[in-house]
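Participant: Provided below for reference: sequence and predicted model.
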Amino acid sequence: MTAAPGQRFTGADHVVAEDSTQQDLRALFGHSVAVFASLAGPSHLLETANPAFFAALGEQEPRTGVHLAELIPGADGHGVITVLDRVYRTGVPHTGRDIPVVLGTGAHAREAFFDFTYEPLRDAEGAVAGVRMIGVETTQVKHAQRLIAEQRALLEQIARQAPLADVLDGMARCIEDLAPEQVLVSVLLADPDGLHLRHGAAPSLPEFYNQAIDGIATGEGVGSCGTAAHRRQPVIVTDIGTDPFWDDFRELADRAGLAACWSTPILARDGALLGTFAMYHRSPRVPDEGDLALARIFADTASLAIERHHIEQAKAEAEAHAEAARAELAQALQAEHELRAAAEQRATAAAELTAQVRAAAAVQAATPHPEHCQIGGPGGCTAPAEIKIADSWGDSAWGCPDHVEEAILHVGSVFIANEDLGGLAAYRHR
Ligand SMILES: [Zn+2]
């Protein structure tokens, strides 16, 4: 098979976004096969059948005029013949649901499930002349039902705000379980600038591979995922061995046993790149419409999970910011409160000092003292001396109330002397 490098399967049905999931689900259902055949007489001679009937039996050419038992040998045929015999004998229709049938032969054999209906065919007199056999394949329906159930479980997980890594991991395992052939799923997450891809989830890819891919740049020709992220379009590489997009990663992929990689970009509702969703295969493979639909459905689910995660992250950051702002405001209020308390304390202390100075002046009025203030600085003070102060070294002086207050406030060791205890004695007993 020769595919163009990174061949893009945009699908024949590029439709408006709102209906795309429904379309994808229909694509998954759309592979169902309907078979029918008309059988005549008690030995079930094949009169007519549709091409799907012969294809299902692995017949290259339509073969009519043969007994059904010859076309379906073995145990399968045995069960079918028993039912046909009964419908032919009794004229009562028979319906069987989800009957397992092996379709095709050899390497092309696959197990499928069918709903079968066997109806009696009657002649002009009303006697049973044969049986009409109608089979509708239910394999894809069962598959799609499982897929929808798995997807719903993932959506519930997303709604419950389960950790992103858990959701993506669960999604990868679910697809690996659902796929009829072996597939290995990888989800890469885009950096906010959209220029690099980080490991998201890849539970079945080897660790060395995940580590090597972690942090790859987005860009044309950077494997399937780097290119899909860059183009914002699915990139289907059907054969890693020959695709030039894999020139730089071919050896790595070979070591990991990977032969095909289909990558779908995960986009936000506004079109921003969130990451890539990739399905790897062990042998070269071209996707069918069902595979592409599956990829789109899960790229959409991943988009929901990642967007939800981003919203939660932004919310947590905003809350942290608000918390920091609240703490800062509380600190500012506390500082203001302390400043105001300190100012009030100083005002109270000053008022107390003034009262003390006045009281001392009243007490010391009768004591002999110099006429003028002695502590007015170099220019001198002409105000009357009223209060005696002292310091811890035993010096003492008389001053006016203003200068006494100033001296007490600015020189720590100064205090008001009294008649009994002047100088150091007062200091000692303080
Ligand atoms: Zn003075």
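Facilitator: Happy to help now that I have it.

Participant: residues contacting the residue nearest to Pro287 when sequence neighbours are not counted?
Facilitator: In this structure, Pro287 finds its nearest non-sequential neighbour in Trp262, 5.5 Å apart by CB to CB, 6 or more residues apart in numbering. The C-beta positions use only the backbone N, C-alpha and C, and glycine is treated the same way. The contact partners of Trp262, taken as CB atoms under 8 Å, 6 or more residues apart in numbering, are Ser224, Pro234, Val235, Ile236, Val237, Ala278, Met279, Pro287, Asp291, Leu292, Ala295.

Participant: Can you list the strands that the one helix or strand Trp262 maps to pairs with?
Facilitator: Element membership of Trp262 [criterion: DSSP states H and E] is strand 260-267. Take DSSP bridges as the rule and strand 260-267 pairs in its sheet with strand 235-237 (antiparallel), strand 273-281 (antiparallel).

Participant: For the stretch 51-200 of the chain, which segments count as helices?
Facilitator: Ranges of helices in the stretch 51-200 of the chain, per DSSP state H, counting those that start in this stretch, are 51-56, 68-71, 74-90, 139-159, 164-178.

Participant: so of those, which one's packed in deepest?
Facilitator: Sort the helices of the stretch 51-200 of the chain by mean neighbour count, taking mean count of other CB atoms under 10 Å, and helix 164-178 sits at the top with a mean of 19.

Participant: tally of neighbours for Ser283?
Facilitator: Using other CB atoms under 10 Å, Ser283 has 11 other residues around it.

Participant: pLDDT weak spots in the stretch 51-200 of the chain?
Facilitator: Counting by pLDDT under 70, the stretch 51-200 of the chain shows low-confidence ranges at 73-78, 104-110.

Participant: if you set the cut-off to 90 instead, what comes out?
Facilitator: The stretch 51-200 of the chain contains residues with pLDDT under 90 at 51-81, 96-116, 135-162, 174-182, 193.

Participant: Which single residue in it comes nearest to the ion?
Facilitator: Of all residues in the stretch 51-200 of the chain, Pro192 sits closest to the ion, at 71.9 Å by CB to the ion.

Participant: Also the stretch 201-350 of the chain?
Facilitator: Of all residues in the stretch 201-350 of the chain, Ala350 sits closest to the ion, at 17.3 Å by CB to the ion.

Participant: what's across from Val35 in the sheet?
Facilitator: Going by DSSP bridges, Val35 forms beta bridges with Gly135.

Participant: who touches it in this structure?
Facilitator: Contact partners of Val35, counting by CB under 8 Å, 6+ apart, are Ala49, Asn50, Ala52, Phe53, Ala56, Phe114, Met133, Ile134, Gly135, Glu137.

Participant: at 7 Å what do you get?
Facilitator: Counting by CB atoms under 7 Å, 6 or more residues apart in numbering, Val35 makes contact with Asn50, Ala52, Phe53, Ala56, Gly135.

Participant: got the phi/psi numbers for the closest residue to Leu71 other than its chain neighbours?
Facilitator: Nearest non-adjacent residue to Leu71, counting by CB to CB, 6+ apart: Leu57, 5.6 Å away. Dihedral pair for Leu57: phi -90, psi 0, per degrees, to the nearest 10.

Participant: from here on, count from 43
Facilitator: Right, with 43 as the first residue, what we last looked at is Leu99.

Participant: Report the angle between the helix ranked longest in the chain and strand 302-309.
Facilitator: If you go by DSSP state H, the chain has its longest helix at helix 331-406. Per axes from the mean of the first three to the mean of the last three CA atoms, to 10 degrees, the angle that helix 331-406 makes with strand 302-309 is 40 degrees.

Participant: Now find how far off-centre helix 331-406 is within its chain.
Facilitator: The chain centre lies 30 Å from the centre of helix 331-406; the measure is CA atoms, centre = their mean, to the nearest Å.

Participant: Quick check: mean pLDDT of it?
Facilitator: Per-residue pLDDT over helix 331-406 has a mean of 88.

Participant: Show me what that helix packs onto, helices and strands only.
Facilitator: Applying 3 or more CB pairs under 7 Å, 6 or more residues apart in numbering; DSSP states H and E, one finds that helix 331-406 contacts helix 59-71, helix 181-201, helix 206-220, strand 302-309, strand 315-323, strand 429-432, helix 443-452.

Participant: All set, thanks.
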